[in-house]
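*Asks:* mind looking at a prediction? Sequence and model below.
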Amino acid sequence: MKGRSHLAAPALAVAALLALPAVAAAQEFPTRSVYDEPLFPDVDPTYHMRIAYLDPPNPFLANEHGQCIVFKNVIERQTQGDVFVECFPSGALGSETEMIEQAEIGAIQGFIVAEGAVPSFFPEVQVLAIPYIFRDHAHAYHVLDGDFGDEMKQAILEASGFRVLGYAENGGFRNFTSNQPLTSIDDIAGQSFRTMDHPGHMAIVEALGGSATPISWPEVYTSLETGVIDGQENPVPVINFGNLYEVQDYLILDGHVYSIDFFFMPDDYFQSLPEAYQELVLLAGRQSVEVSRGINRILEWEALARWEAEGEFVEITVPSPELKEEFAELTQPPFLEWYHSEVDPEGEWSQKLMDAVSEAEAYFSGDRGF
């Protein structure tokens, strides 16, 4: 213990569900939840969906497994076993890159990956890492679940052949931790921070005067423990899942980037399904995203409360709105300079996001143009 810290859609699919075939009508309704067996074991399924992801099979540690379980339950129960959804947690089918490759050849029918894996087939997605663009979770949900999110889904589909079933969460908002104090911008300057291999995230660290070092997730704990790097940046649930509080003393809840999980299905497989099943897949995808977000909110606040009670961090800082505005002013221009020079020279997607953010701000302020 390190000393006490201080805290400074359902109607869409109704017609489709009515059209589902009455498969195994006499089958006993399942009352237990499994992830690697069919809920209706006496039914010979017509379709088999294999869903891959990296999280372990424990929704009390991370969100992706709970998301897959909900997707599985909605699909299998509504089709009465005509579709079997098999969840593959813990990277059982390989890394995120390998999941993408397997989906491309039809070996798997769905996969959940963090936003860092998406630029390999749709680099424009990195616009979502504009620092401090979202003020809170509801703000991010409104943008991603609205017209902007739909337009990006269509663009990804056209570029890659992957259909986005929903924007889930890779833990939520990312925050800095370190073994040195983190209470101001000056504290970040001169420190080294691990990031994902994400040029946008690296640009944010460097704009604040720190040095960014991409390190793979399995090596982060040891790198912090041995002092290879001073700190890292991740959402609270990920910091907790990785036990990084054991090797870090300071946390600032600056929320510089809203970190997203993408739930994908190859479109050729999606199009091979009956129309009623396509509608059901879209419905189940949306429901699974809501679960992912809810799990992360629970994990986030449980971890913060426990860290505070048990003194896991020497100090936890909640920056003032004025300090966050300083962070934004320092980081947004260099990020956009990089994004426009390397990814989107016309600024198409950054403008679309800015417009969507402004619309969301008007919505939440009550200025809805009525």
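*Replies:* Yep, it's here.
*Asks:* per-residue confidence for residue 10?
*Replies:* At residue 10, the predicted lDDT confidence score is 42.
*Asks:* repeat for residue 163
*Replies:* At residue 163 the predicted local confidence, pLDDT, stands at 98.
*Asks:* contacts only, for it.
*Replies:* Under the criterion of CB atoms under 8 Å, 6 or more residues apart in numbering, the neighbours of residue 163 are 153, 157, 264, 265, 266, 267, 270. To be clear about C-beta, it is placed using only N, CA and C from the backbone, and glycine gets the same treatment.
*Asks:* mind running it again at 6 Å?
*Replies:* Residue 163 is in contact with 157, 265, 267, 270, counting by CB atoms under 6 Å, 6 or more residues apart in numbering.
*Asks:* which one of those residues has the most neighbours?
*Replies:* Among those, the one with the most neighbours (other CB atoms under 10 Å) is residue 265, at 23 neighbours.
*Asks:* give me the helices and strands touching the host helix or strand of it, please.
*Replies:* In the assignment (DSSP states H and E), residue 265 maps to strand 258-266. The elements that strand 258-266 packs onto, with contact taken as 3 or more CB pairs under 6 Å, 6 or more residues apart in numbering; DSSP states H and E, are strand 110-114, strand 162-178.
*Asks:* can you show me the helices along the protein?
*Replies:* 14-18, 64-79, 96-104, 137-144, 147-160, 185-188, 199-207, 220-225, 236-241, 267-272, 275-310, 321-342, 348-365 (DSSP state H).
*Asks:* quick one: the closest residue to residue 43 other than its chain neighbours from residue 291, how far?
*Replies:* In space, and not counting its chain neighbours, residue 43 is closest to residue 81: 3.3 Å by CB to CB, 6 or more residues apart in numbering. Relative to residue 291, residue 81 is positioned 22 Å away (CB to CB, to the nearest Å).
*Asks:* do residue 319 as well
*Replies:* For residue 319, the distance to residue 291 under the criterion CB to CB works out to 30 Å.
*Asks:* and if you look at residue 155?
*Replies:* 26 Å.
*Asks:* could you list the low-pLDDT ranges of the stretch 251-370 of the chain?
*Replies:* With pLDDT under 70 as the threshold, the stretch 251-370 of the chain has low-confidence stretches at 366-370.
*Asks:* of residue 81 and residue 291, who's got more company?
*Replies:* When residue 81 and residue 291 are compared on other CB under 10 Å, the one with more neighbours turns out to be residue 81, at 21 against 18.
*Asks:* I'd say the more buried one and residue 41 touch.
*Replies:* No - using CB atoms under 6 Å as the test, residue 81 is too far from residue 41 to be in contact (8.1 Å).
*Asks:* show me what contacts residue 234?
*Replies:* Contact analysis of residue 234 by CB under 6 Å, 6+ apart lists residue 174.
*Asks:* wait, residue 284
*Replies:* Applying CB under 6 Å, 6+ apart, the residues near residue 284 are 71, 74, 75.
*Asks:* distance of the last one from residue 255?
*Replies:* The reference is to residue 75. Distance check for residue 75 against residue 255: by CB to CB, it reads 34 Å.
*Asks:* mind pulling up the pLDDT for the nearest residue to residue 89 once chain neighbours are set aside?
*Replies:* In space, not counting the residues next to it along the chain, residue 89 is nearest to residue 57; the distance is 4.3 Å by CB to CB, 6+ apart. At residue 57, the predicted lDDT confidence score is 91.
*Asks:* neighbours of residue 57, just the number please.
*Replies:* With other CB under 10 Å as criterion, residue 57 counts 19.
*Asks:* for residue 140, see how far away the closest residue to residue 141 other than its chain neighbours is.
*Replies:* For residue 141, ignoring the flanking residues on the chain, the nearest one in space by CB to CB, 6+ apart is residue 293 at 7.2 Å. Using CB to CB, one gets 9 Å for the distance from residue 293 to residue 140.
*Asks:* higher neighbour count, those two?
*Replies:* Shown here are residue 293 and residue 140; by other CB under 10 Å, residue 140 has more neighbours (23 against 20).
*Asks:* can you tell me the closest non-neighbouring residue to that one?
*Replies:* Nearest residue to residue 140 in three dimensions, chain neighbours excluded: residue 134, at 4.2 Å (CB to CB, 6+ apart).
*Asks:* just give me the neighbour total for that neighbour.
*Replies:* By the other CB under 10 Å criterion, the neighbourhood of residue 134 contains 22 residues.
*Asks:* mind checking how far residue 131 is from residue 308?
*Replies:* Counting by CB to CB, the separation of residue 131 from residue 308 is 26 Å.
*Asks:* same question, residue 233
*Replies:* Per CB to CB, residue 233 is found 20 Å from residue 308.
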